[in-house]
Structures are given as C-alpha cells and as structure tokens.
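Peer 1: Predicted model follows, preceded by the sequence.
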Amino acid sequence: MTHSELKQMADRMRVEAIHLVYHTGKNGAHLGGGLSAVEILAVLYGNVMRYDCQNPAWPDRDRFILSKGHGTLAYYTALQEAGFFTREKLYTFEENGGELSGQPSRNLDLGIEVSSGSLGMGLSVGAGMALAAKMQHRSSKVYVLLGDGECNEGSIWEAVMSASHFRLDNLIAVVDYNGMQSDGFCKEVFSVGDPERIWSSFGWETAWADGHDVSAILTAIHGRRGDSPFVLLAKTIKGKGVSFLENNKNWHHGALSEEQYHKALQELAQEG
C-alpha cells in the first residue's frame, strides 16, 4: 500500500473501532490503548509484514504478537482489513462464545498467532519464535507490539536480554508509547527512565517515530540496519482521534453512550 492508502486504512480502522465499541453495549471495550495503536497496525498489515490470508499457517509467514492484549480494537480491524475475516465476522467482537474475544485467543485461521492479555508475555514468545525461525533457516520476521506501561513487567527485560544474546535480528518490537497505563501516566505510576538508552544498553537498535504518522513508522522500520533486534518507540496518544478519550485514564476501558458514540464519529469525520 502507498502512504496515502495506509492513512485511509487507519482512518477506516479508527471509525470501525468506535462502531465496535458501541456495538458491545454496556460491556464496552479497551478504547484508549486500541485507538493509540491504529496506525502502527495499519502499517504492519498494510505494508510491512508477509502473510497469506488464504494460507494463514504458511511456514515462512511473518508473525505478529499483540503483547498488549487489550489493543484488540486496532488488531481485529487490521486483520479484517487484511482479509483474514469478513466485516460480518468482525462484529461478533465480544459475543459470548465467539472467536473475537476482548483480548485475543490463538486462532490461526483468523490470523491470530498468540493468546495474550496477561501483560509482559509477548516479547518472550516472540523471541522464541524468532530463535526458532533462525534455527530452521527461515526468513520469517517476528513483530511484537508492547505497551509502555507493560514495560514495567520484569519478564520484558529478560526477553530483551535473551534477544540480544541470541542476536535475533529478525525480531522487531514496537512500543506503543502513549505515556499512560490503566492507573494514569506512566511517569507517575512507575517510570522506567529513558527508554531509548535502556533498550540500546541491552544491544538493541532503537528508533523513535510519531506513532500516528504512517510515513514516519514506515521510514523507521524500513530504515533499520537489521544486524540486531530492533525496537521502534512509537510516540502516540491514548484514545487518539476523539477529544474526550484522549489522555484520559477513565477511558482505558469503557462503554459509549449514544451521545458519545455520535460525538466520536462526528469528530473523526471532521479530522478525516
């Protein structure tokens, strides 16, 4: 996809996410961290990753892991855009007994590689997949989306060290750096300091990018040297695109009233 097409894809995903949340009724969904990751997922599925929705178990496919499992609004809308399932299927989101739960459950037929939700696990799984691909002499790459609040988990840093030790240059992490977690701003809840300095000290190649600028994300990912594990620190806004959701911890998870639903769609239409 071209940069313009990726932007259009992201715009559709964000609007679809609002429809999905309203569709869940009083159950609601994780809006904040879903909306912050939209452009990241649009770029990965629209331009960067190799996959075949007609053959989702293709051995040489790239793998994606949603380590921040609450980001399914961006994840499922990206999978639907990529062709893994229909829009009708998308609207089974959070239905009792359905396959598109609030946090992902492994289902290769739908393009979902890994079950997640318990934070801090995805990078370890991704490192294992990347190591396996190297041992099997496959060209597959593994992409892992983390939250910056999730990086409070110690298991993340064990995986960071392992990936560096095993020289996993086929492992790409993206941190959705929206500055918030469910309890508030990361710097106030539990700061990890300078993330670029920390990741690079473990031997990772690092880059910053505007996580809502598809061109900047593409430039960063395609511009990596490729001789070590790589992390993209994507600066984003929690709840991006809707004024009353942005940078508001009360919308980490929530349900939209009819009035809020229409206001959100109106703002997105004006922005688009």
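Peer 2: Cool, got the structure.

Peer 1: For the stretch 101-250 of the chain, which segments are assigned as helices?
Peer 2: Secondary structure of the stretch 101-250 of the chain (DSSP state H, counting those that start in this stretch): helices at 122-135, 154-165, 186-189, 195-201, 214-222.

Peer 1: Quick one: these as JSON lines, columns for mean pLDDT, distance to residue 2 and mean neighbour count too.
Peer 2: C-betas here are computed from N, CA, C, even on glycine. What follows is the helices of the stretch 101-250 of the chain, written out as JSON lines (pLDDT from 0 to 100; distance: least, CB to CB, whole Å; neighbours: other CB atoms under 10 Å):
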{"stretch": "helix 122-135", "mean pLDDT": "98", "distance to residue 2": "28", "mean neighbour count": "21"}
{"stretch": "helix 154-165", "mean pLDDT": "97", "distance to residue 2": "32", "mean neighbour count": "18"}
{"stretch": "helix 186-189", "mean pLDDT": "84", "distance to residue 2": "34", "mean neighbour count": "14"}
{"stretch": "helix 195-201", "mean pLDDT": "96", "distance to residue 2": "30", "mean neighbour count": "15"}
{"stretch": "helix 214-222", "mean pLDDT": "97", "distance to residue 2": "10", "mean neighbour count": "19"}
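
Peer 1: Of all these, which one is nearest residue 175?
Peer 2: When the helices of the stretch 101-250 of the chain are compared by CB to CB, helix 195-201 sits nearest residue 175, at 6.9 Å.

Peer 1: Now do the closest one: which elements does it pack against?
Peer 2: Counting by 3 or more CB pairs under 8 Å, 6 or more residues apart in numbering; DSSP states H and E, the packing neighbours recorded for helix 195-201 are strand 205-210, strand 230-235.

Peer 1: The last one pairs with which strands, parallel or anti?
Peer 2: So that's strand 230-235. Sheet pairing for strand 230-235, assigned by DSSP bridges, gives strand 171-177 (parallel), strand 205-210 (parallel).

Peer 1: could you list every residue that touches the closest residue to residue 48 other than its chain neighbours?
Peer 2: Once flanking residues are discounted, residue 48 sits nearest to residue 221: 5.8 Å by CB to CB, 6 or more residues apart in numbering. Applying CB atoms under 8 Å, 6 or more residues apart in numbering, one finds that residue 221 lies in contact with 43, 48, 172, 230, 232.

Peer 1: now residue 221: how far from residue 94?
Peer 2: Applying CB to CB, to the nearest Å, the value for residue 221 to residue 94 is 31 Å.

Peer 1: Please state the offset of the helix or strand hosting residue 41 from the chain centre?
Peer 2: According to DSSP states H and E, residue 41 maps onto helix 38-43. Between the centre of helix 38-43 and the centre of its chain there are 7 Å (CA atoms, centre = their mean, to the nearest Å).

Peer 1: Next SSE downstream of that helix?
Peer 2: Next along the chain after helix 38-43, taking DSSP H and E as the criterion, comes strand 63-66.

Peer 1: I'd like the next helix or strand past that following strand.
Peer 2: helix 72-82.

Peer 1: distance of the residue nearest to residue 243 when sequence neighbours are not counted from residue 260?
Peer 2: Once flanking residues are discounted, residue 243 sits nearest to residue 267: 6.1 Å by CB to CB, 6+ apart. Note on residue 267: its distance to residue 260, by CB to CB, is 11 Å.

Peer 1: ditto for residue 186
Peer 2: Residue 186 is 26 Å from residue 260, by CB to CB.

Peer 1: cool, and residue 197?
Peer 2: Residue 197 sits 40 Å away from residue 260, going by CB to CB.

Peer 1: same check, this time on residue 205
Peer 2: Distance, residue 205 to residue 260, using CB to CB: 41 Å.

Peer 1: Also residue 183?
Peer 2: According to CB to CB, residue 183 and residue 260 sit 23 Å apart.

Peer 1: now do residue 124
Peer 2: Per CB to CB, residue 124 is found 37 Å from residue 260.

Peer 1: before we move on, the earlier item: burial count for the residue nearest to residue 243?
Peer 2: 16 (other CB atoms under 10 Å).

Peer 1: For it, pull up the helix or strand it's in.
Peer 2: With DSSP H and E as the criterion, residue 267 is inside helix 258-271.

Peer 1: Centre of the chain to that helix, how far?
Peer 2: Remark: helix 258-271 is offset 23 Å from the chain centroid, using CA atoms, centre = their mean.
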